[in-house]
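Undergrad: sequence unavailable; structure follows:
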């Protein structure tokens, strides 16, 4: 299953009062063990085309979108994030839709639309369709299913090809006569209302892409409201990623990759009098979804690092309650919400988010049940490090303390850390916060100079994130040392035999050290042959002195970028 259930890694900010008495409230439980969770399932697909939520059977259907000659897959998960079935098709699939009574699942294929009985998960029919080579979209609106279809010879032509709006009826997928350029996006109007939304993506090449709606109460769709967004200078054009109608049908929310979240009046698609706050800086809008009772809106995005990728907040833009924020980051979560990757259960108790990561070929399903309360966190005091004299290539500990309000966490909190030095930013992983709030980040700096450690707490479902804390350490060179031993007296005829050891702490040398050897006597100072240190760090020197009396031998190593220099001397009285 590759599924994890945990309350960790998600940055959360939502006041308890905002959740009281709504579909987001969880079942009563001791505060330290609230029923809130984020179940995460790694999806066994490399493409994604659609998401449908079955609140009757408590199932989630996720369709991939493989190449034309590949088998297609629809994954079926329960509301706990466990995969319970895989609907395997011999032909590529794209798009899923669910009838309003949740009795029938519609799955798009290249030459037809297949139906499944949701009670048995067995195929029970289908609709013949015009061939589609770019990926169908399917939606249920006005008590029937609507589909797109596009035919091209090469996939690269899909973005700018002509796309047809189709209606499923009498066992076939029939063209409605509405055709336009690009991968046209579809979305249903409010539940129970006879309205269909259509939008043109920016990649179509249209200078001023459109958004429109259709009345689908009759035998054929009738276009009513329509809008293009660019001004007289061509600025502000729509960059559509997703759209969703509010539960009461009065508003339409649009995920615009350039403008963020647009809130429109459904009647004429004009700007609503109130708008949602801007997404966090650096976040690109990808998805929107209203909860079933219309109380909340979820806004998905793609953002780097700890910047929130998902906000859950009141559907009323005038409500200033801070949103519940989620930051997806890395191989356990994905890097952001996929376009059209959000859907709610009908009662609003769970939000389903499909995230994607890497190059866009990895996907995850998050089943989010928001908690009943959120608590503040903060780092207290300054970070410290030991040992006080940090050196390159030696272990270093960075210590700090995190405080939190409310009850003790049900599971230990985690902080993340990075080191920033002249070579860039280095991820140091996570550190566990102890019961008293203390934590230790372990590192081995590999560069001499300033190293700045940044520690973050991204929050979890019960705790808001804390402001980052930083600490700069001056990293020095690791010490090197030489010992040199020889006899107190020697003779010119028998010579001098000296032994020594060389030690360099920190990072291991790439090659064995080569030491210089100098001899100083009453005739002056001269350089002898250098010696190479053995694997165990030892070396020997043999010399025939050129004169009597005191002779001093000095051994040296110049050091390198990560190690200090070292010298050692030994004096021998030389007789005949």
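TA: Received the coordinates, thanks. Just so you know, these numbers come straight off a predicted model, no measurement behind them.
Undergrad: contacts, neighbours, all on C-alpha from now
TA: Noted.
Undergrad: tell me which helix or strand of the protein sits lowest on mean pLDDT?
TA: The weakest-scoring helix or strand in the chain, judged by mean pLDDT, DSSP states H and E, is helix 16-19 (a mean of 32).
Undergrad: with adjacent residues omitted, what lies nearest to residue 330?
TA: The shortest distance from residue 330 to any non-neighbouring residue, by C-alpha to C-alpha, 6 or more residues apart in numbering, is to residue 357 (7.2 Å).
Undergrad: who does that neighbour form a beta bridge with?
TA: Note on residue 357: beta-bridge partners residue 362, judged by DSSP bridges.
Undergrad: give the next helix or strand downstream of the host helix or strand of residue 400.
TA: In this structure, residue 400 sits in strand 396-404 according to DSSP states H and E. Going down the chain from strand 396-404, the next helix or strand is strand 414-421, by DSSP H and E.
Undergrad: can you pull out the strands in the stretch 151-300 of the chain?
TA: Counting by DSSP state E, counting those that start in this stretch, the stretch 151-300 of the chain has strands at residues 162-169, 172-181, 185-188, 195-199, 210-215, 222-228, 240-245, 251-256, 260-265, 284-290, 296-302.
Undergrad: packing partners for the fifth one?
TA: Translated: strand 210-215. strand 195-199, strand 222-228 (3 or more C-alpha pairs under 8 Å, 6 or more residues apart in numbering; DSSP states H and E).
Undergrad: now the angle from that strand to strand 240-245?
TA: Orientation note: strand 210-215 sits at an angle of 30 degrees relative to strand 240-245 (axes from the mean of the first three to the mean of the last three C-alpha atoms, to 10 degrees).
Undergrad: pairing partners for strand 210-215, with directions?
TA: By DSSP bridges, strand 210-215 pairs with strand 195-199 (antiparallel), strand 222-228 (antiparallel).
Undergrad: same thing with the shortest one?
TA: Strand 185-188 has these partner strands in its sheet, going by DSSP bridges: strand 195-199 (antiparallel).
Undergrad: tell me the average confidence for the strand it pairs with?
TA: Averaged over strand 195-199, pLDDT sits at 97.
Undergrad: going forward, begin numbering at 303 instead of 1
TA: Got it, first residue is 303 now, which makes that one strand 497-501.
Undergrad: distance from the chain centre to that strand, please.
TA: Strand 497-501 has its C-alpha centroid displaced from the chain centroid by 31 Å (C-alpha atoms, centre = their mean, to the nearest Å).
Undergrad: just the residues contacting that strand, thanks.
TA: Residues outside strand 497-501 that contact it (C-alpha atoms under 8 Å, 6 or more residues apart in numbering): 443-444, 486-491, 511-519, 542.
Undergrad: apply 6 Å and report the result again.
TA: Under the contact criterion C-alpha atoms under 6 Å, 6 or more residues apart in numbering, strand 497-501 has outside partners 486-491, 512-518.
Undergrad: ok, stretch 437-452 next?
TA: 396-399, 434, 436, 465-470, 490, 496, 518-519.
Undergrad: quick revisit: name the helices or strands packed onto the strand holding residue 702?
TA: Contacts defined by 3 or more C-alpha pairs under 6 Å, 6 or more residues apart in numbering; DSSP states H and E place strand 698-706 against strand 679-681, strand 686-688, strand 740-745.
Undergrad: dump the ones you listed into CSV; add distance to residue 373 as well.
TA: Below are the helices and strands packed on strand 698-706 laid out as CSV (distance: least, C-alpha to C-alpha, whole Å):
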stretch, distance to residue 373
strand 679-681, 48
strand 686-688, 55
strand 740-745, 47
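Undergrad: bridge partners for residue 353, pull those for me.
TA: residue 364.
Undergrad: how much space between it and residue 625?
TA: 24 Å (C-alpha to C-alpha, to the nearest Å).
Undergrad: which one of these two has more residues nearby?
TA: residue 353 (23 against 19; other C-alpha atoms under 10 Å).
Undergrad: so how far is residue 596 from that one?
TA: In terms of C-alpha to C-alpha, residue 353 sits 19 Å off from residue 596.
Undergrad: next: residue 697.
TA: Distance from residue 697 to residue 596, by C-alpha to C-alpha: 54 Å.
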